[in-house]
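> Prediction below, plus the sequence it came from.
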Amino acid sequence: MRVSYNWLQDYLDKKLPTPEKLAEVLTMHAFEVEGIIPQGKGLENVVVGEVLEKKKHPNADKLSLVKIKVGEGEILNIVCGAPNIEAGQKVPVALIGAELPNGMKIEKREVRGEVSRGMVCSGAELGLEKQSSGIMTLDKKTKIGTPIAKVLGLNDTILDIAILPNRNHDCLGHLWVAKEVAALLNFKFKEPRAQKYKVGKTKKVTVENKAKDLCSRYMARYVAGVATRPSPEWVKKRLEAVGQRSISNIVDATNFVMLELNQPMHAFDADKVSGKIIIRRAKKGERFVTLDNQDFELDEDVLLIADDKEALAIAGIKGGKKAEVDANTKNIILEAANFDQANIRRTSQKLGLKTDSSLRYENGIAQMADLAMERVSEIISESAGGVFGEKTDVYSKKQKPVVLGLLPEDVSKFLGIEVKEKEISATLKRLGFGVKKNGKAIRVMAPMERIDIEAEADLIEEVARVYGLYKIPSLMPEEIIIPPQRNDNVFLPGW
């Protein structure tokens, strides 16, 4: 999983250690960090320059000679082939010694008899676009000499983390990884700050669940009068940092919440939905066209989200063309749900359709629909406006909190070291567990997102990994071995 270092920082009250140190802490106590990727890699020697002068190259019709200021008193002569370069522009300049993301090395070189001491860059050369028609131009207020990675907000570091299978249900979300980090570093964990959004009298979504065995919870909300447009820069930067392409403010908000809380979400264009939302199995031979125009023939094992007329989405996997959110969308229906993980896995394999959403449902997720609906409403309100209707919550199988008893002496017995009751309680509290003294035992309530906690042994494992498994000495077990005794009543050849 790609985890944004800056995104984790949003939820913590103290400055994180360096990415390298953080990777060491995570690897020793929680998850293996397989790689550390600076976001601005390849842009280290690219800075903001100002074009002071542009002249025609004397020996080439399609080339220009430009003088560019890149620092205090530092002016470079550069040969440039871009048709859109003009005096007065602020542009990204790759200095001699730079090695760009596409592998190009910048050296002093002669071009048609003129010496070039750098290169003015396009978005493609900086690895920001697939193709560019000319050089990238920057805001004229941008300070000369500023590293381009800082100007473009490419100052993040990405941690490539191998999330263990038993934690896929929560730690595929940045918020829960941050909660782990807070516990390991003894920082204060800060949940996202609640934002206000406009709740008013508008439509309420009617939901009919015809497949309660495959959908334990379905939450929907009507939002009227949204403006579909590009997302705010802070949303774009977070998504792009972890490899998600920005689409629009509505779609980006649902993807953001999925990556934050590990709760997949979907938005339908409400004006394209006929009647109520129906959760049902597909009919044999029913056809469905996805958002990316793939046409599938379905069977009765496939779970669908539909309206009174036809299917709107393959539940938990992919939305359809019918109710796609586009530039003309004015009203939307938001969805947050819990679907049966085995059914999603079978459907995904059968159709050959793997998505970020299906990955999460296949591994099972906690009941986070309410929290996710609040969060996506806040983000959409900020970026798209709108009036938010009452939430519809069809909750057929409620998740109950897991409460366990833990004897402190069992922790010491299982780990082979003495761990004081006070330390056990403090460790579990740091991880977000509710802890209360109950006679000789400790009464422990697991957080709702920790659906992997089922028994006393799971709690002992939590204490052990935060303490540090590497700190527990390796000792050979002591056992009295009694040599075998000869039995004269049994005759074996050779005895």
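Perfect, thanks for sending it. Numbering: from 1, shown residues only.

> use CA for all of it now, contacts and neighbours both
Will do.

> Tell me the confidence at the residue lying closest to residue 68 once chain neighbours are set aside?
Distances taken as C-alpha to C-alpha, 6 or more residues apart in numbering place residue 51 nearest to residue 68, at 4.5 Å, with adjacent residues excluded. For residue 51, the pLDDT comes out at 97.

> Please apply the same query to residue 164.
On the pLDDT scale, residue 164 is placed at 88.

> my read: it touches residue 31, true?
Yes: the pair formed by residue 164 and residue 31 meets the contact definition of C-alpha atoms under 8 Å, at 6.7 Å.

> The two: who's more crowded?
For residue 164 and residue 31, the more surrounded residue by other C-alpha atoms under 10 Å is residue 31, and the numbers stand at 19 against 13.

> Run through the residues that contact that one.
Contacts for residue 31 were tallied using C-alpha atoms under 8 Å, 6 or more residues apart in numbering; they are 161-164.

> out of those residues, which are buried?
For those, a neighbour count by 16 or more other C-alpha atoms under 10 Å gives the buried set as 161-163.

> just to revisit the earlier point, which member of the contacts of residue 31 is positioned nearest residue 204?
residue 163 (38.2 Å; C-alpha to C-alpha).

> What ranges does the protein have for its helices?
Remark: helices assigned in the chain by DSSP state H are 5-9, 19-29, 148-151, 174-185, 233-241, 249-261, 341-351, 356-363, 369-384, 408-415, 421-430, 456-467.

> From the contact counts, what lies against the longest one?
Translated: helix 369-384. Other helices and strands packing on helix 369-384, by 3 or more C-alpha pairs under 8 Å, 6 or more residues apart in numbering; DSSP states H and E, are strand 215-224, helix 249-261, strand 331-339.

> do the same with the shortest one
Other helices and strands packing on helix 148-151, by 3+ C-alpha pairs under 8 Å, 6+ apart, are strand 46-56.

> how about the spatially most central residue of the chain, what does it touch?
When the chain is reduced to its mean C-alpha position, the closest residue under C-alpha atoms, centre = their mean turns out to be residue 259, at 3.1 Å. Residues touching residue 259, when contacts are defined by C-alpha under 8 Å, 6+ apart, comprise 172-174.

> which of these count as buried?
Applying a neighbour-count criterion of 16+ other C-alpha under 10 Å, the buried members of the contacts of residue 259 are 172-174.

> Could you point out which of these is nearest to residue 18?
Residue 18 has its nearest neighbour among these in residue 174, at 17.6 Å by C-alpha to C-alpha.

> How many neighbouring residues does residue 103 have?
Residue 103: 10 surrounding residues under other C-alpha under 10 Å.

> That one and residue 356: what is the separation?
When distance is defined by C-alpha to C-alpha, to the nearest Å, residue 103 is 30 Å away from residue 356.

> Distance check, the closest residue in space to residue 165 that isn't next to it in sequence against residue 195.
What sits nearest to residue 165 in space, not counting adjacent residues and going by C-alpha to C-alpha, 6+ apart, is residue 363, at 7.7 Å. Separation of residue 363 from residue 195 (C-alpha to C-alpha) stands at 30 Å.

> mind checking how far residue 339 is from residue 367?
Taking C-alpha to C-alpha as the criterion, residue 339 is separated from residue 367 by 10 Å.

> Quick check: neighbours shared by those two?
With the criterion set as C-alpha under 8 Å, 6+ apart, the overlap between the contacts of residue 339 and residue 367 is residue 217.

> What's the per-residue pLDDT of residue 380 here?
Predicted confidence (pLDDT) at residue 380: the value is 97.

> picking up where we left off before, make a markdown table out of the contacts of residue 259 and add pLDDT.
Output for those, formatted as a markdown table (pLDDT from 0 to 100):
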| residue | pLDDT |
| --- | --- |
| 172 | 96 |
| 173 | 97 |
| 174 | 98 |
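
> out of the residues you listed, which one sits closest to residue 136?
Checking the contacts of residue 259 against residue 136 by C-alpha to C-alpha gives residue 174 as the nearest, at 32.2 Å.

> Quick check: closest non-adjacent residue to that closest one.
Excluding the flanking residues, the one nearest residue 174 by C-alpha to C-alpha, 6+ apart is residue 260, at 4.7 Å.

> Also residue 88?
With C-alpha to C-alpha, 6+ apart as the criterion, residue 88 has its nearest non-adjacent residue at 5.3 Å, and that residue is residue 51.

> wait, what's in contact with that neighbour?
Under the criterion of C-alpha under 8 Å, 6+ apart, the contact list for residue 51 reads 66-69, 86-91.

> which of those residues are buried?
Neighbour counting with 16+ other C-alpha under 10 Å marks 66-69, 86, 89-91 as buried within the contacts of residue 51.

> Show me where this structure dips below the pLDDT cut-off.
Within the chain, the set of residues satisfying pLDDT under 70 comprises 490-495.

> before we move on, the earlier item: roughly how far does the residue nearest to residue 88 sit from residue 397?
For residue 51, the distance to residue 397 (C-alpha to C-alpha) stands at 65 Å.
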